[in-house]
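> got a predicted model here, sequence first, then my questions.
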Amino acid sequence: MSLRYFAGYSLLFLAHLLRKVFEQVWRVASLTEQFALIICTPSEIARYSRDVWNSWLFVRSYSSQGNWLSATEQGLIERYFSKNVALLNVACGAGREALLLARRGLRVTACDWSPRMVVEARRRAQEANLPVRFAVADLMYDLPFREQAFDCLLLTDLAYSCLFPRRRRVRFLRQAHAVLKPGGIFIISFSPARGNTRIPAGLMEWLFMRLRRWVPFNREYEPGDRFEHATFIHYFRSEELAQEFQEAQFLIKDWLWDEGYAVLAKL
Ligand SMILES: C[S@@+](CC[C@H](N)C(=O)[O-])C[C@H]1O[C@@H](n2cnc3c(N)ncnc32)[C@H](O)[C@@H]1O
């Protein structure tokens, strides 16, 4: 073996070793941010999340996205929404799906809790000359729409998983049910726990479930709650999610678990 080969091989081995060490250090460092889940109350989590979604960084990133629908969204929309229906697009962000659906002839109302997202979505709709109505609304509080105002509802891109805790999600679903006409359809997106190898999270979940019994910890921490990609998100188990839908009197018409979508109907 030449000395040059030995030196080159050693450097590759060292780089590999360092990468492994840094990966482990990074993993441990990332764990510490999960503790926010057991320290903050649901209202504090909401406050933090709203600020993040309303930050220029997030607004710019969403408003720079073109008009597109994922294959799953496209399929579901074609199957369940007809033209000229009244649609409420909740958690609309900078208007990605709202604008596309208005262009297809649906009568779109869209809302989000981030005032900046709404300003951006409205600007894009005006630029494209599309008649979309917008509102700033927090899904965890009262929705500013009358009962039975819409034929269908749409919530994309995992946004149901942004709502904390369970009681607020069910409250939102009940309101969604109320603003839908009988026979109305709700296409809803969530983060499924399956496929994510870190869910359930083992030791941390076990620890948090014990801590939550005590003051001053977050009593409403739930297994599946996580801090990821700069914001809070809830990963669902399938029985848990189905139960929430049923509690709000929705009938589950379609269940695309791996894609993170479900289709709900109001009877
Ligand atoms: C992942 S983005 C999706 C945006 C848009 N639907 C899209 O696909 O481009 C999630 C959106 O949900 C909104 N959101 C999160 N929690 C919300 C809440 N409690 N009430 C209203 N909007 C909320 C955020 O402001 C953000 O615009």
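Good, I have the coordinates. All values derive from a computational prediction rather than experimental measurement. Residues are numbered from 1 along each chain as shown.

> SS state for Asn67?
Recorded secondary structure, Asn67: coil (DSSP: H, G, I helix; E, B strand; the rest coil).

> show me the contacts for it.
Arg96, Leu99, Leu100, Arg103 (CB atoms under 8 Å, 6 or more residues apart in numbering). In this view, the C-beta of every residue, glycine as well, is placed from N, C-alpha and C.

> the chain against the ligand: which residues are in contact?
53, 62, 91-93, 96-97, 112-114, 117, 138-140, 156-157, 159, 162-163 (CB under 6 Å from any ligand atom).

> apply 8 Å and report the result again.
46, 49-50, 53-54, 58, 62, 65, 89-97, 111-114, 117, 137-140, 155-159, 162-163, 172 (CB under 8 Å from any ligand atom).

> so which of these are in strands?
If you go by DSSP state E, these have Asn89, Val90, Cys111, Asp112, Leu155 in strands.

> correct me, but the third one touches Leu87?
No - counting by CB atoms under 8 Å, Cys111 stays clear of Leu87, with 11.6 Å between them.

> sorry, back to before: are any of the contacts of Asn67 buried, and which?
The neighbour count (16 or more other CB atoms under 10 Å) marks Arg96, Leu99, Leu100 as buried among the contacts of Asn67.

> which of those residues sits closest to the ligand?
Arg96 (3.7 Å; CB to the nearest ligand atom).

> which pLDDT value belongs to that closest one?
If you check Arg96, the pLDDT there is 96.

> that one: what's it in contact with?
By CB under 8 Å, 6+ apart, Arg96 lies in contact with Tyr62, Gln65, Asn67, Trp68, Thr156.

> show the buried residues in those.
The neighbour count (16+ other CB under 10 Å) marks Tyr62, Thr156 as buried among the contacts of Arg96.

> so among the contacts of Arg96, where is pLDDT lowest?
Within the contacts of Arg96, pLDDT is lowest for Asn67, at 80.

> which residue comes closest to whichever residue of the stretch 51-200 of the chain sits closest to the ligand once chain neighbours are left out?
Nearest to the ligand, among the residues of the stretch 51-200 of the chain, is Gly93, at 2.5 Å (CB to the nearest ligand atom). Sequence neighbours aside, Tyr62 is the residue nearest to Gly93 in space, at 4.7 Å (criterion: CB to CB, 6 or more residues apart in numbering).

> surely that neighbour and Cys92 touch.
No - at 9.7 Å, Tyr62 does not count as touching Cys92 under the criterion of CB under 8 Å.

> which neighbours do those two share?
Listed as contacting both Tyr62 and Cys92 by CB under 8 Å, 6+ apart are Met117.

> who touches the helix or strand where Gln74 lies?
Element membership for Gln74 (DSSP states H and E) is helix 71-80. Contact with helix 71-80 is made by 69, 97, 101, 152, 154, 156, 185, 187, 254, 256, 259, 261, 263, as judged by CB under 8 Å, 6+ apart.

> narrow those residues to those that are buried.
Buried among the contacts of helix 71-80 (16+ other CB under 10 Å): Leu69, Glu97, Leu101, Cys152, Leu154, Thr156, Ile185, Ile187, Tyr261, Val263.

> since that was my last question, I'll sign off now.
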